[in-house]
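# only geometry, no sequence info:
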C-alpha cells in the first residue's frame, strides 16, 4: 500500500463525520440518478410496449393502395431464410384486410375483416389472451368480433351473421368468439378470421394485403425496414415501419430522455461540488500535517495523490452505497406504486449496465472533485505552516 | 572536520505592502559534521528564519547554501524534497505528529515517503530508535494518546529515522517541563555521540545553549557572537 493511499485512508477514518457527510452526498446523488434513470427507461419501454407491442412494427404492403401483395410466400421465404433477418426479426406473418358490411336489424355496420395465419401472427397479436368468450375461428367462414361491436349489435358466440362483401356478394359467417384488445376502436371495428376466409371474401385469390413483422429491438425497425427494401428490390411493394408512423411518440420519448439526462448531469455536478468543498475544508484542517509531511520530504506529487485517493475511496464507497440505495428506491417504487389490480404502475426493468455506468461516473466525478483540493495541497508551502505554528 | 552546512552571504527579507523587513543580513556561517551547536537570540532576532533557510524550507533572496557538499539554492523542488527527506531531520517546538497514525507509524513515516515497504532492517531500526528515546511501551498508541514529552521524543525518533546527517531543532523543549527538558537534552547528546549526527538547536534559553559545544548568538538578523567551547 503506497504512503499517499495509506494517509488518504487514515484521513478518511479519522475525520469520520466529514467522510460520512461526503459518502452520504455521493450516495444520495447517485441513488437519485439511478432511480430516475431506471424509472424513465422503464417508462419508455412500457410506453413503447403498450403502443406497438401488440401490432406490426414493420409492414410490407403494395405500393398502390388497396391492391394486394402477390407472391407473399416467396417474400416471407426470402426474408426468413436470410441469416441476418432470422436473428433480427422475431415474427413474420401474412394478413388480409378487407371491408365487410353486416346488417343487423335496421343498422348496417362497416367492419374491417382481418384474416390471419393464426399460428404465425399469434405472437404479434396475442389473440388467445384477448379472447373473452368462445374460441379463435377454426374453420372457414367463421369470424371473431370485438366486445364493443358484439354489445352494440347484440351478437353472441354461435350466432350467424349475413355479410355484404366489397365484391357485392352475400356471405353467411358464424361467430366463433369475442375479443377484447383494450382499444375501443379495435373492439368496435375489427372482425377476425383465418386467412382463407378473408381471402375469399375480399376476392384476393392467393394474395394478401400485407406482411407484418415484429423485430427483436424495436428501435431497429426503421433500419431493418430500409434494408428489407434493398434486399427485396421489388418495385411493386412498400415497406412501412412504426418509427415513421409514430414520429410524435418518438419525439416525446427523446424529449423525456434528454430531460432525464439533464437531471442526471445536474445531480452529478451538485455531488461533485459537495465533494470538492468538503475536501477543500479537509486541506485547510490538515494543513499542519501536510506542511510537516512536506517538510519531511513528501513530494508535491505524492501530497496531491493523498487527496486524489481520498476522492477515489470516498467515490467508491459512495457509489456502492448509492447503487444499493437507488435499487432499494426502485424496488420500493415497484412494490408500492401499483395499479388497483396489483400490477406496478411502471414495470421496473433493472438495467445493471446503466447502474454500473452511473457508479463509474460517480467515482470519476469524485476523483475530478478532489483535483481542486489536491492542487491547493500541492501549492501549500510548508514554511507557512511552520512559521505560523 | 569538513563542513556539513555552509551559508555564504545570506540575505533574507520579507515584504509586507510597501515595507521591507530584512530578517537576515549577509550571514556567513558553517557547521562541522558531527558538531553539537546552538543558535540563540531573542524572539524576532531571525534565528528561526536562519534555521528554516538551513533546512531549505525557506528561500533566501541571495546567498549560497551548501549542504553536505551540494549547492542547494538552485536545484529543483523534487531534489529538495529528497534532501530534506534523506539528509535533514527536523524537530519543531510543536511536534507535528500525525494524529491519524500510531507512535510507531509516525516514526517510520520519513522512510515510507521513499519506499512504502519497509525492510526487516528498517523495522528493526525504527524499534531501536523507539527504544532509544524511551517510548517502546506506548509505540502502538495513537500519537494523540501520548504526553507532550513523549510526543516530542517521538518527533526526535522520527527525525532520526532516515539516519540524517543533520538534525535541526527549533525550541525542541519549549513546551516541556524541566524534567522532560533534561531528558530530551540527554537524549540529543546521546544521539550525537552514537550516530555522529550534526545538531543545530535554536533556542532563546541561554541555560540550554550553554550545554552545547558552540553558541552562535544572533540579534536583528546579524551574528553578534560565535563562541566555541
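All right, it came through fine. Treat the numbers as computed from the prediction; the structure is a model and nothing was measured.

# Residue ranges in the stretch 51-200 of chain A under the pLDDT threshold?
Scanning the stretch 51-200 of chain A for pLDDT under 70 picks out A:105.

# What is the neighbour count of whatever residue of the stretch 51-200 of chain A ends up closest to chain B?
Closest to chain B within the stretch 51-200 of chain A is residue A:87: 52.6 Å, counting by CB to the nearest CB. In this view, the C-beta of every residue, glycine as well, is placed from N, C-alpha and C. For residue A:87, the neighbour count with other CB atoms under 10 Å in any protein chain shown is 9.

# wait, doesn't it sit right on residue A:220?
No - with contact defined as CB atoms under 8 Å, residue A:87 does not count as touching residue A:220 (10.8 Å).

# Near chain A, which residues of chain B are found?
Neighbours of chain A within chain B, by CB under 8 Å from any CB of the partner chain: B:48, B:52, B:55, B:57-58, B:77-78, B:81-86, B:90, B:92-94, B:96, B:98-101, B:109-110, B:112-114, B:116, B:158.

# which residues in the stretch 51-200 of chain A form strands?
A:58-62, A:89-104, A:107-116, A:131-134, A:142-146, A:160-165, A:170-179, A:190-194 (DSSP state E, counting those that start in this stretch).

# Same check on chain B?
Assigned by DSSP state E, the strands in chain B fall at B:3-16, B:19-32, B:36-40, B:62-67, B:70-71, B:88-91, B:166-170, B:198-203, B:214-219, B:222-228.

# To residue A:248, which of the ones you listed lies closest?
strand B:3-16 (70.1 Å; CB to CB).

# what lines up beside the closest one in the sheet?
In the sheet, strand B:3-16 lines up against strand B:19-32 (antiparallel), strand B:62-67 (antiparallel) (DSSP bridges).

# Need the contact partners of it.
For strand B:3-16, contacts defined as CB atoms under 8 Å, 6 or more residues apart in numbering or on different chains pick out B:20-33, B:46, B:49-50, B:53-54, B:58, B:60-68, B:165-166, B:198, B:200, B:221.

# quick check: angle from that strand to strand B:198-203?
Relative orientation of strand B:3-16 and strand B:198-203, computed by axes from the mean of the first three to the mean of the last three CA atoms, to 10 degrees: 30 degrees.

# which of the residues in strand B:3-16 are buried?
For strand B:3-16, the buried set under the neighbour-count rule, 16 or more other CB atoms under 10 Å in any protein chain shown, comprises B:3-7, B:10, B:12-13.

# which of those sit farthest apart?
Distances among the buried residues of strand B:3-16 were taken as CB to CB; the most separated pair is B:4 and B:13, at 26.4 Å.

# how many other residues sit next to residue B:207?
Applying other CB under 10 Å, I find that residue B:207 has 8 neighbouring residues.

# wait, residue A:248
Here the number of neighbours of residue A:248 (other CB under 10 Å) works out to 8.

# separation between it and residue A:220?
Distance, residue A:248 to residue A:220, by CB to CB, to the nearest Å: 20 Å.

# Check which residues of stretch A:60-73 are buried.
Within stretch A:60-73, the residues scored as buried using 16+ other CB under 10 Å are A:60-62, A:68-70, A:72.

# before we move on, back to that, need the strands paired with strand B:3-16 in TSV with mean neighbour count and mean pLDDT, can you?
Formatted as TSV, the strands paired with strand B:3-16 follow (neighbours: other CB atoms under 10 Å in any protein chain shown; pLDDT from 0 to 100):
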stretch	mean neighbour count	mean pLDDT
strand B:19-32	16	90
strand B:62-67	17	90
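
# what's the closest non-adjacent residue to residue 69?
No chain in the question, so chain A it is. Nearest residue to residue A:69, sequence neighbours excluded (CB to CB, 6 or more residues apart in numbering or on different chains): residue A:62, at 5.1 Å.

# Actually, chain B is the one I wanted.
Of all residues not flanking residue B:69 in the chain, residue B:2 sits nearest, at 7.9 Å (CB to CB, 6+ apart).

# Tell me who's in contact with residue B:42.
With contacts defined as CB under 8 Å, 6+ apart, the neighbours of residue B:42 are B:204, B:219.

# tell me the contacts of the nearest residue to residue A:56 once chain neighbours are set aside?
Among residues not flanking residue A:56 along the chain, residue A:212 sits closest, at 3.5 Å (CB to CB, 6+ apart). Applying CB under 8 Å, 6+ apart to residue A:212 gives the contacts A:56, A:58-60, A:91-95, A:121, A:124.

# what mean pLDDT does the longest helix anywhere in chain A have?
Looking across chain A with DSSP state H, the single longest helix is helix A:247-285. In this model, helix A:247-285 carries a mean pLDDT of 85.

# Just give me the neighbour total for the closest residue to chain B within the stretch 251-389 of chain A.
Residue of the stretch 251-389 of chain A nearest chain B, by CB to the nearest CB: residue A:297 (2.4 Å). Using other CB under 10 Å, residue A:297 is surrounded by 23 other residues.
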